[in-house]
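Chemist: Show me how the following folds:
(one chain, ligands or ions: 2)
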Amino acid sequence: MEHPLRLGVNIDHVATIRNARGGLHPDPVRAARLAAQAGADGITAHLREDRRHISDIDIKRLAREIELPLNLEMAATREMLAIALQHRPHAACIVPEKREERTTEGGLDVARGRAQLEPFVRELVAAGIRVSMFVEADPAQLDAAKAIGAAVVELHTGAYCHAEGAARDHELARIVAAAAHAERVGLECHAGHGLTYDTVGPIAAIATLAELNIGHFLVGEAIFVGLETAIRGMRKLMDQARAEAGGTRRSAGRP
Ligand SMILES: CC(=O)[C@@H](O)[C@H](O)COP(=O)(O)O
Ligand SMILES: NCC(=O)COP(=O)(O)O
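Modeler: Numbering: from 1, shown residues only. Ligands and ions are numbered 1, 2, ... in the order given. As a prediction, this is how the structure comes out:
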């Protein structure tokens, strides 16, 4: 089944720039408002355990001050669960986290961590939060996410973005197959990590994907063209890819 494709704008790296000087500028909440004006369908923010970019106050403000649905990316820890339950974002995406990593290097091993992850999913769902699992494009991970009660999976596109030539085609084929598997088992399927103007097209063309979350590239591009223009450019490429694949042009609103 064809799904309308939403764009979630990840504003983490607005906070990275702010934190370089420790002040208040640039403000991620202002970036979220601009993203809404530029046609974003949601805002994504990753509150890392080490608070290297997004802070607790950012999450509090995002949850209260923006109208777009907030997708909180969080590690499966009691501290993050308490924060999610306090602020009740629209969605929570559980991601793997390693303190020493530069960025999220891979997907969550839901298949091996089922017993540990299931209580987190249960508590978030009971609070009315939509739960997603950030996983590799591996059917076993999707099956495990479904089994522990997640409604959504987000496929990690980092390997696809970093590969070239035949290796990239191989990674794309894995993502296409995983998105089809998600549809079969009744999971809403999202994708993201490392997507750029050069890599977004083939991903956006996958009809069973419902949402892409994109951040680092948009914030980098904003330095040259401004955030609104960068987001509009991404939205246009997503729409073009869908139209060329014979599908719906854009999002139909809230998830
Ligand atoms: C889970 C994920 O892909 C995003 O959080 C993205 O990684 C941006 O944050 P980092 O650059 O801190 O990984
Ligand atoms: N979950 C992926 C995300 O939110 C954005 O990742 P990136 O575009 O900042 O790499």
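
Chemist: what about residue 183, how many neighbours?
Modeler: Counted with other C-beta atoms under 10 Å, residues neighbouring residue 183 total 17. Heads up, the C-betas are built off the backbone N, CA and C, glycines and all.

Chemist: pLDDT score assigned to it?
Modeler: Residue 183 is assigned 97 on the pLDDT scale.

Chemist: Next: residue 249.
Modeler: 48.

Chemist: and what of residue 101?
Modeler: Reported pLDDT for residue 101: 84.

Chemist: Any chance of the backbone angles for it?
Modeler: Dihedral angles phi and psi of residue 101 (degrees, to the nearest 10) take the values phi -80, psi 150.

Chemist: what number of residues lie near it?
Modeler: Per other C-beta under 10 Å, the neighbour tally for residue 101 reads 11.

Chemist: need the contact list for it.
Modeler: For residue 101, the contact set (C-beta atoms under 8 Å, 6 or more residues apart in numbering) is empty.

Chemist: For the longest helix anywhere in the chain, buried residues please.
Modeler: Longest helix of the chain, by residue count under DSSP state H: helix 165-185. For helix 165-185, burial by neighbour count (16 or more other C-beta atoms under 10 Å) applies to 168, 171, 172, 174, 175, 176, 178, 179, 181, 182, 183.

Chemist: Pull the distance from the strand or helix carrying residue 32 to the chain's centre.
Modeler: Assessed by DSSP states H and E, residue 32 sits inside helix 28-37. Helix 28-37 has its C-alpha centroid displaced from the chain centroid by 16 Å (C-alpha atoms, centre = their mean, to the nearest Å).

Chemist: who's in contact with it?
Modeler: By C-beta under 8 Å, 6+ apart, the residues outside helix 28-37 that reach it are 9, 11-12, 14-15, 18, 43, 45, 54, 58, 61-62, 65-68, 219, 227-228, 231.

Chemist: how about a cut-off of 7 Å?
Modeler: With contacts defined as C-beta atoms under 7 Å, 6 or more residues apart in numbering, helix 28-37 is touched by 9, 11, 14-15, 43, 45, 54, 58, 61-62, 65-68, 227-228, 231.

Chemist: OK, contacts around the nearest residue to residue 133 once chain neighbours are set aside?
Modeler: Nearest non-adjacent residue to residue 133, counting by C-beta to C-beta, 6 or more residues apart in numbering: residue 145, 4.1 Å away. By C-beta under 7 Å, 6+ apart, residue 145 lies in contact with 110, 133, 135, 153, 187.

Chemist: ok but the second one is inside a strand, no?
Modeler: Meaning residue 133. Yes: counting by DSSP: H, G, I helix; E, B strand; the rest coil, residue 133 is part of a strand.

Chemist: so which of the buried residues of helix 165-185 would you say is closest to residue 149?
Modeler: Among these, residue 182 lies closest to residue 149 (C-beta to C-beta), at 14.9 Å.
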